[in-house]
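Student: Predicted model and sequence below, questions to follow.
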Amino acid sequence: MPNPTPSRRHRVLATATITALSLGLLTACSSSGSGSSGSSKAPASTVLNIGMPQGATMTNNNNPLLPTSAAAQLGYRYMVYEPIAMWNQVKPAETPRPWLAEKIEWADNYKKLTLTARAGVKFSDGTPMTAADLAYAFQLMKDHKALNGSALPIADATVQGDRAVITFTSSQFVRQASVLSTLVVPKHLWSTIPDPTTDTVAKPVGTGPYTLKSFTPQTVTLTVREGYWQDAPKVAELRYTTYSGNDAVTAALASGALEWTYAFLPDARKLYQDKDPEHHKLWFPPNLSADGLWINTTLKPFDNPVLRRAMSMVVDRDDIFNLAEAGYFKPMVDSITGLPTPAGDAFIAPEYKGKKATGDTATAKKLLTDSGFTYRGTDLVDPAGKPVALTLTDPAGWGDYQTALTIIADNLKAIGIKASIDKADQNAWESNIASGNFQAAMRWSNGGATPYDFYKDVMDGAALKPIGRAATGNYGRFDSPQATKALEDYANAADDAARTGALNTLQKVFAEQTPMIPTSAGNLGAEYSTRHWIGWPDAADPYAPIQPSQTTALDVVLHLKPADH
C-alpha cells in the first residue's frame, strides 16, 4: 500500500560530476526533445518528460505495492493504478476526495469503513472494477504484511453488493489518509499471482488513464489508454527517466529535456530559473512534518527543558532556510508548536497562533540564569557547575544537514554553548541514533494528515527504549506521560471536542518542553516547466501536492493542458 506520509526525508547528497552514462542520457534527451533514451520520438506537445535522481539504471519492476519498485521510485504507479480517494497533503485538514469509491462512510469510531464502488470504472484490460476489487486491496494487506506499509490493523474485508466493508481492530481516525490512499489492483489477475510481495508485474493492469508502453533501464514510457472512466488526460505520453544524481537532473532541467522532477538544486535560481525565467518554476509547499535538531533528553544538562527552549530561541531558522535549504527546498518552521504553516494552520491552538519559537539572545540568557545556569566569562555553566558543551552529528554526505549544523553551532555560541560537529559514517549514525548514542542530530520526523504523526514520532512514551536498545521513534528519549496519554486520547477520541483537547495538550507540552528543535518542514514540492504544459498546482491554486512521486501526481497530470491551448 502506498504510504502518503513518508517516514524518511529526501537527503541532499553532494555530487561533483555527471557520470558518462548520465551525459549519454542527456545527449539522447536533448536530441529527441523528450527526455527519453531509446524510445520513439513524439512531438513535444504530446509528451511530458518526468525524471528522478534514482540512479543510472533501473530494474524492470512495475509492482505498485512495493516501495522499492521502479514504479514506486519514479512515481508512474500512480498513473496506472488509482486510490480509493485523493488526499491533498497541502491542505491536510480537508476531507479526501472520493475517487474509485464514490461514497466513503466511517462508523464505529473509525473502526468500520464502507466503500461504494464507483460505477462505470474499468481496468485497462476491459474488466469492470467492482466492490470485490476494493475489498481485495485490503485483503492483500491483511494476508501479506510486507504489502501493509502503514501497518493497518485490518480485521476483515467483505463485499455487500456494490459496497466493500472493511473493519479494523482499532480506531483509524489518525490513519484515514493512509487507508484511503490504498491503491486498487484487479482481483481477477492478482489472485493468481503466487507471491504478490515479489512479483514484478510485467504487464501492469489498473484503472488509471495510462498503460505501460515500454521499459528500458533508463526510461519508462506510458501511453494514454482508451476507456478511462474520466475525461482522458491531454498528455498523450509520459516518459520517466532515471538520472544518476542531482547534477544530472540539474543539467536536464536547464536544457529543457526534463520538465518535472523533485531534486535539490544548491543554487536553483542560477542553475534553473534564470535559464528560462518565464517557464522554469519552483513550488515547495510544506507537509505536516518537521526536520530539526533532535536532542538526547536523557543526558544532563539537556534533560532540562529550559536549556532546550533557550537553544531553540537562538537558532537562526532564516539562515538554515536560505543557506542549508537554498532558500526554497524545505520551508522554514518557526511556530512554537513545531507545526509547519500553512499546512498546520487549521490545527494550531488559539493560544499559540502566531507565537514563534525564536527570540533574542538576552531573553534566552535570562531564561537560563533564572533557572540556575550561570556564566563563567562567556561560557554557559550548568547548575552542577559544568560548562555546557554539545556534539552535533550527521552523516558527512548530507550537505543540507551539515550546513544546518554549522549554523546551529555558531548560534549556540551566543548563549555560551560550545558545540562541535561530528561528520559521521551513515551506517554508524543510524545505529547511534536508534540506540541513543548521541547528543544532538539533525533529523526528519514522520508526518500525516494530522499533527498526530509528528508529535507521536517525537514524544510518544510507548516508543521509549533505554539507552543501548534500538528505538523506532522518539529517538530523543523524551519522557512525558502527559504527552503519551494525549496521543492515545487523540487517536481514540469519540468526538472532535475530545480530539481538540488532546491536540491542545500535545502543543502545550511541545511548546513548554521543546523535546526537539524544528527548523524546516518536509516538502511536497517540485521543479517544473510551463513551456509545453500549463495547469500545474501552485501557491495560488494548491489543488494538490506537485511532487511527481505522490499519489496525487495523477490529479496533477489530469489538470494539465498544452501551453498553446
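Tutor: Cool, got the structure.

Student: List the neighbouring strands of the longest strand belonging to the chain plus their orientation.
Tutor: Assignment by DSSP state E gives strand 286-295 as the longest strand of the chain. Strands that pair with strand 286-295, judged by DSSP bridges, come out as strand 440-443 (antiparallel), strand 516-523 (antiparallel).

Student: among these, which is nearest Leu212?
Tutor: For Leu212, the closest of the strands paired with strand 286-295 is strand 516-523, at 29.0 Å, according to Cβ to Cβ. No exception for glycine: its C-beta is placed from N, CA and C like everyone else's.

Student: which other helices and strands contact the helix or strand following the closest one?
Tutor: Using DSSP states H and E, the helix or strand that follows strand 516-523 towards the C-terminus is strand 526-529. Packed against strand 526-529 by the contact rule (3 or more Cβ pairs under 8 Å, 6 or more residues apart in numbering; DSSP states H and E) you find strand 260-261, strand 280-283.

Student: Mean neighbour count, mean pLDDT and distance to Thr250 for the strands paired with strand 286-295 - can I get that in JSON lines?
Tutor: Shown next, in JSON lines, are the strands paired with strand 286-295 (neighbours: other Cβ atoms under 10 Å; pLDDT from 0 to 100; distance: least, Cβ to Cβ, whole Å):
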{"stretch": "strand 440-443", "mean neighbour count": "24", "mean pLDDT": "98", "distance to Thr250": "24"}
{"stretch": "strand 516-523", "mean neighbour count": "27", "mean pLDDT": "97", "distance to Thr250": "18"}
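
Student: Can you tell me which of these is nearest to Gly149?
Tutor: Nearest to Gly149, of all those, is strand 516-523, at 17.2 Å by Cβ to Cβ.

Student: can I get the CA coordinates of the closest one in PDB?
Tutor: Output in PDB follows, covering the C-alpha atoms of strand 516-523 (Å, rounded to 0.1, in the frame of the first residue of the first chain):
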ATOM      1  CA  MET A 516      13.300  18.800  19.700                       C
ATOM      2  CA  ILE A 517      14.000  22.000  17.800                       C
ATOM      3  CA  PRO A 518      12.200  22.200  14.500                       C
ATOM      4  CA  THR A 519      13.800  24.200  11.800                       C
ATOM      5  CA  SER A 520      12.300  23.100   8.400                       C
ATOM      6  CA  ALA A 521       9.200  21.400   7.100                       C
ATOM      7  CA  GLY A 522       9.100  18.300   5.000                       C
ATOM      8  CA  ASN A 523       8.100  19.300   1.500                       C
END
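
Student: Confidence-wise, which helix or strand of the chain is lowest on average?
Tutor: The helix or strand of the chain with the poorest confidence is helix 20-32; it has a mean of 31 (mean pLDDT, DSSP states H and E).

Student: ok so, going back, include distance to Leu560 when you put the strands paired with strand 286-295 into CSV, please.
Tutor: Below are the strands paired with strand 286-295 laid out as CSV (distance: least, Cβ to Cβ, whole Å):
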stretch, distance to Leu560
strand 440-443, 36
strand 516-523, 21
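
Student: Minimum distance to Gln73: which of the ones you listed has it?
Tutor: strand 516-523 (17.9 Å).

Student: So Ser312 belongs to a helix, correct?
Tutor: Yes: assessed by DSSP: H, G, I helix; E, B strand; the rest coil, Ser312 belongs to a helix.

Student: check contacts around the closest residue to it other than its chain neighbours.
Tutor: Spatial nearest neighbour of Ser312, chain neighbours left out: Ile517 (4.5 Å); criterion: Cβ to Cβ, 6 or more residues apart in numbering. Contacts here follow Cβ atoms under 8 Å, 6 or more residues apart in numbering; on that basis Ile517 touches Gly292, Leu293, Ile295, Arg308, Met311, Ser312, Val315, Ala357.

Student: correct me, but Met459 touches Pro481?
Tutor: No: using Cβ atoms under 8 Å as the test, Met459 is too far from Pro481 to be in contact (10.6 Å).

Student: Okay, helices next: where are they in the stretch 401-550 of the chain?
Tutor: Assigned by DSSP state H, counting those that start in this stretch, the helices in the stretch 401-550 of the chain fall at 426-435, 452-459, 481-492, 496-513.

Student: If you could redo that for the stretch 51-200 of the chain, that was the one I meant.
Tutor: Going by DSSP H, counting those that start in this stretch, the stretch 51-200 of the chain shows helices at 70-74, 77-80, 131-143, 176-180, 187-190.
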